[in-house]
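# following is a predicted model, sequence given first.
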Number of protein chains: 2
Amino acid sequence: MKSKAAKPRNAFYAQSGGVTAVINASACGVIEEARKHKGKIGKVYAGRDGIIGALTEDLIDTSRESAANIRQLMHTPGGAFGSCRYKLKSLEESRAQYERLMEVFKAHDIGYFFYNGGNDSMDTAWKVSQISGQLGYPVTCVGVPKTVDNDLALTDNCPGFGSVAKYVATSIREAGLDVASMARTSTKVFVLEVMGRHAGWITAACGLASEQEGDSPHILLLPEIRFDEAKFLAKVEATVKKYGYCAIAVSEGLQRADGKFLSETGLTDAFGHAQLGGVAPVIANLVKEKLNYKYHWAVADYLQRAARHIASKTDLEQSYAVGREAVRYALAGKNAVMAAIKRTSQTPYRWKIEPVPLAKVANKEKMMPRDFISKDGFHITPACRSYLGPLIIGEAPQPYRNGLPAFARLKNVPVPKKLALSFTIK
Amino acid sequence: MKSKAAKPRNAFYAQSGGVTAVINASACGVIEEARKHKGKIGKVYAGRDGIIGALTEDLIDTSRESAANIRQLMHTPGGAFGSCRYKLKSLEESRAQYERLMEVFKAHDIGYFFYNGGNDSMDTAWKVSQISGQLGYPVTCVGVPKTVDNDLALTDNCPGFGSVAKYVATSIREAGLDVASMARTSTKVFVLEVMGRHAGWITAACGLASEQEGDSPHILLLPEIRFDEAKFLAKVEATVKKYGYCAIAVSEGLQRADGKFLSETGLTDAFGHAQLGGVAPVIANLVKEKLNYKYHWAVADYLQRAARHIASKTDLEQSYAVGREAVRYALAGKNAVMAAIKRTSQTPYRWKIEPVPLAKVANKEKMMPRDFISKDGFHITPACRSYLGPLIIGEAPQPYRNGLPAFARLKNVPVPKKLALSFTIK
């Protein structure tokens, strides 16, 4: 009896949560690697708008994209297939959704699930790995890490973070030179607000710009350290007296002693409604009111996590590698793992990708160690510099057209639906 | 009788007003060109913190910098010698200051005055050209244009603007991809606030990013068009319905129908003090309140005018050229002129530098023509695109060290003072 080669099962890939400047490099890694193993892996279907695309059977057939288009994902920020903020809860609470997921996977012969996201997504991937077996339709689940917050456990750092780090450090170095030149008669204090509500990794990365005595930024306001107004104002005043100006990086998640976010500081609009967001103007106004220094403030917001034009080459390469390795793990039968980054050498900096159990990554948050923060709480330590430094190394040039970054424009061709029932997302 | 060659007179160069990503390229142009004509021009002294440095006899001897250091000014943002916001008033009101200026110039044998700034500075340069003759110490005055606002008269465009234009258009294109990927379940509206209080050139430049139907940004809120809330909200809603999301660029100078700035919209802090600045959160909150769309907002502030890392090559070359030509004009005996940019061909784009009378530039403001703004007031026209397009062309790579832009660190050696009396700046 001749054994007939089984038709290779397809793969499902989805992007999840806040996107980054380099998440599409992970998509590129997954798709290019899968294409190298056509005998073992069928088509790569992407979820339109993340996991929602699986639930609604709204799949994108990436095999319809040319190799050149897929390669362009390397320099295209945002989520090329769409992402979503949508968390599948526990198996008990969301059983119908997990069952629907399996139904869709079965209908499209999907045997591999690559989930590209943060903590929540690793949790989901892990649950899918468990329930798929229970429901009699085993799917190999591999997590592909991504988060600008750099807070995933069991990986040295998170794809997406290095590029934000490079952007914010570059920005506050550049703006620092601006303020320094204006300080004698005009702006003396500059405040840059950056992301990272819980962990101060991005704020800490701003500190990389300060390499010599007096360099910008002079003060970091980390979410790990409760805001002490008097101590802060004294530091600002001393800095302006010493260097003529003061550049400050502040985390959106900065909290007062009572645990309240500074961004919820009682600002109201003309109608008495609370104003939402923005800790930078709060800090700036405080400086103006108490010290009477002229100020400027900036809020980087999405610019920081979309800035592919100043991406870190290291980050880009790691983002690609976690996608590529995820496919290799799946083909090697490794299930319920995440492709993690391991630092194998500090000097020279070297890294490799290794599988870690999803169960151990899920729902954990890696905070900044206290010894990464200076004693006074306003800056980073040499240990932090050593950790962060390599992550922003290298530039990653991209093509420009008409003076602007040229990005991939995928066709995103839908896979014909096979299921009779539709599924509604609340 | 043998004629003895006169010792060449020195030059004074000062940066004025808000700095840019490429103002130091103009400084480089002035200094490098002057060094080529050592028989005709002595040392180039720079004013520490702009014109204030002349008044206080706080001069920097640029001859103490190596050629390599001066070259590094090509990729160093901010004002390398310091700038200031300090306007000399009319001769009648500020006679003592003009006289002091002449006294300092005389003491240091300064025969050339290169003033690198915007409208006010061109006015000052013109006045100095007039009074120096009256006071019997003729100084050749040449204006070197600079302003991110792009509002100087008699020059096709202003050095510094092209780089801001490239930065803001790049940023809103990148952020647009981010919002597009999040829109299904999260952020639907993104607002980017940019500079340009009176003229909408920078806001208009954001529009360059939108090259195809549906591209970000969808709406520009220009200071030339009074804000019409109902019309704006209708446009946002229609855009979200059509494309799933809406990206908006707004000028800091956006005004209501009654001429009040939107940024002064009655926001108060917990103590009842008016909150200063930020039109982006005002627009974002309005969208949230009236349309209930989730939003994000960013304020680029100094980041946009300091972003040498994404400078326009065209802008960089023009910034250098106006500095270089200013020196040539001075050596050719052209007095009371500004080095202006003239567009000599649109396709292919070509430009040259030509002298224009300072008297005709001073205190004028070049606004956006109405035919550069679409009929509905929310975008730019093809005519505007043709004008703006060439100004952002070309990238201008810079050196990186430890993953961050490496900048010039000048010694800024002071010129020994010669005058007995000091001069106090209020």
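Cool, the structure landed.

# please enumerate the strands of the stretch 101-250 of chain A.
Assigned by DSSP state E, counting those that start in this stretch, the strands in the stretch 101-250 of chain A fall at A:110-117, A:140-145, A:189-194, A:219-221, A:246-251.

# list the helices and strands the longest helix anywhere in chain A packs on?
With secondary structure taken from DSSP state H, chain A has its longest helix at helix A:161-182. If you count contacts as 3 or more CB pairs under 8 Å, 6 or more residues apart in numbering or on different chains; DSSP states H and E, helix A:161-182 packs onto strand A:189-194, helix A:201-206, strand A:246-251, strand A:295-299, helix A:302-306, helix A:313-331, helix B:302-306, strand B:404-405. Every C-beta, even on glycine, is put in place using the N, C-alpha and C of the backbone.

# domain ranges for chain A?
Residue ranges for the domains of chain A, per automatic domain parsing: A:10-149+A:309-363+A:396-405, A:161-306.

# of those, which shows the lowest average pLDDT?
For those, the weakest mean pLDDT is recorded on domain A:161-306, namely a mean of 92.

# determine how far that one lies from the middle of the whole chain.
Relative to its parent chain, domain A:161-306 has a centroid offset of 21 Å by CA atoms, centre = their mean, to the nearest Å.

# and for stretch A:72-82?
For stretch A:72-82, the distance to the chain centre is 13 Å (CA atoms, centre = their mean).

# dump that stretch to CSV, keeping only the CA atoms.
C-alpha atoms of stretch A:72-82 as CSV (Å, rounded to 0.1, in the frame of the first residue of the first chain):
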residue,chain,number,x,y,z
GLN,A,72,7.8,45.4,1.9
LEU,A,73,6.3,44.5,5.2
MET,A,74,9.8,44.9,6.5
HIS,A,75,9.5,48.7,6.2
THR,A,76,5.8,49.1,6.8
PRO,A,77,4.6,50.2,10.3
GLY,A,78,1.2,49.5,11.8
GLY,A,79,-0.6,46.2,11.4
ALA,A,80,-0.8,45.2,7.7
PHE,A,81,-3.8,42.9,8.3
GLY,A,82,-5.4,44.9,11.1
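
# near chain B at all, that stretch?
Yes: counting by CB under 8 Å from any CB of the partner chain, contacts between stretch A:72-82 and chain B involve A:Thr76, A:Pro77, A:Gly78, A:Gly79, A:Ala80, A:Phe81, A:Gly82.

# which bits of the stretch 101-250 of chain A sit near chain B?
Checking the stretch 101-250 of chain A against chain B by CB under 8 Å from any CB, the hits are A:166, A:169-171, A:173-182, A:184-187, A:190, A:192, A:208-209, A:211.

# next, give phi and psi for A:Ala14.
As for A:Ala14, its main-chain torsions (degrees, to the nearest 10) stand at phi -140, psi 150.

# tell me the bridge partners for it.
A:Tyr115 (DSSP bridges).

# now it: how far from B:Asp49?
55 Å (CB to CB, to the nearest Å).

# follow-up on the earlier one: buried residues in the longest helix of chain A?
By 16 or more other CB atoms under 10 Å in any protein chain shown, the buried positions in helix A:161-182 come out as A:161-182.

# tabulate the domains of chain A (JSON lines), appending distance to B:Pro355.
Output for the domains of chain A, formatted as JSON lines (distance: least, CB to CB, whole Å):
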{"stretch": "domain A:10-149+A:309-363+A:396-405", "distance to B:Pro355": "28"}
{"stretch": "domain A:161-306", "distance to B:Pro355": "27"}
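
# B:Gln72 is nearest to which of those?
Proximity to B:Gln72, assessed across these by CB to CB, is greatest for domain A:161-306 (12.4 Å).

# that closest one spans what distance, first to last residue?
Length of domain A:161-306, first residue to last, CA to CA, to the nearest Å: 11 Å.

# just stretch A:107-121 next, same as before
23 Å.

# before we move on, the earlier item: can you pick the most crowded of the residues of stretch A:72-82 next to chain B?
When neighbours are counted by other CB atoms under 10 Å in any protein chain shown, A:Pro77 leads those with 31 neighbours.

# spit out the contact partners of it.
A:Pro77 makes contacts with A:19-22, A:24, A:305-308, A:407, B:174, B:177-178, as judged by CB atoms under 8 Å, 6 or more residues apart in numbering or on different chains.

# you'd agree it is in a strand?
No: under DSSP: H, G, I helix; E, B strand; the rest coil, A:Pro77 sits outside any strand and is assigned coil.

# helices along the stretch 1-150 of chain A, start to end?
Using DSSP state H, counting those that start in this stretch, the helices of the stretch 1-150 of chain A run over A:23-35, A:51-55, A:67-72, A:95-107, A:119-134.

# which one of those helices is the most hemmed in?
helix A:23-35 (a mean of 27; mean count of other CB atoms under 10 Å in any protein chain shown).

# and the contacts of that helix?
Helix A:23-35 has contacts (CB under 8 Å, 6+ apart) with A:11, A:13, A:15, A:41, A:44, A:46, A:62, A:65, A:67, A:70-71, A:73-74, A:76-81, A:83, A:114, A:116, A:144, A:146, A:159-160, A:316, A:319-328, A:408.

# let's see 6 Å
Contacts to helix A:23-35, defined as CB atoms under 6 Å, 6 or more residues apart in numbering or on different chains, come from residues A:11, A:13, A:15, A:41, A:44, A:62, A:70, A:73-74, A:76, A:79-80, A:114, A:116, A:144, A:146, A:316, A:319-320, A:322-324, A:327.

# for chain B, what are the nearby residues on the stretch 301-426 of chain A?
A:301-303, A:306-307, A:309-310, A:392-393, A:395, A:400, A:403-405 (CB under 6 Å from any CB of the partner chain).

# got the angle for the longest helix of chain A vs strand A:246-251?
150 degrees (axes from the mean of the first three to the mean of the last three CA atoms, to 10 degrees).

# re the thing from before, how about the residues of the stretch 301-426 of chain A next to chain B in a markdown table, adding neighbour count?
Formatted as a markdown table, those follow (neighbours: other CB atoms under 10 Å in any protein chain shown):
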| residue | neighbour count |
| --- | --- |
| A:Asp301 | 26 |
| A:Tyr302 | 29 |
| A:Leu303 | 29 |
| A:Ala306 | 30 |
| A:Ala307 | 28 |
| A:His309 | 27 |
| A:Ile310 | 26 |
| A:Ile392 | 29 |
| A:Ile393 | 17 |
| A:Glu395 | 19 |
| A:Tyr400 | 18 |
| A:Gly403 | 22 |
| A:Leu404 | 20 |
| A:Pro405 | 23 |
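
# how near is the nearest residue to A:Cys28 once chain neighbours are set aside to chain B?
Among residues not flanking A:Cys28 along the chain, A:Leu73 sits closest, at 4.1 Å (CB to CB, 6 or more residues apart in numbering or on different chains). Per CB to the nearest CB, to the nearest Å, A:Leu73 is found 11 Å from chain B.

# A:Leu73: what's it in contact with?
Contacts of A:Leu73 by CB under 6 Å, 6+ apart are A:Asn24, A:Ala27, A:Cys28, A:Ala80, A:Ala408.

# nearest to chain B among these?
Of all those, chain B sits closest to A:Ala80, with 7.6 Å by CB to the nearest CB.

# quick check: the farthest pair among the residues of the stretch 301-426 of chain A next to chain B?
A:Ile393 and A:Gly403 (27.1 Å).

# for A:Gly238, grab the count of nearby residues.
Check again: residue A:238 is Ala, not Gly. 12.

# that one and A:Phe232, how far apart?
For A:Ala238, the distance to A:Phe232 equals 11 Å [CB to CB].

# quickly list what's touching both of these two.
Joint contacts of A:Ala238 and A:Phe232 (CB under 6 Å, 6+ apart) do not exist.
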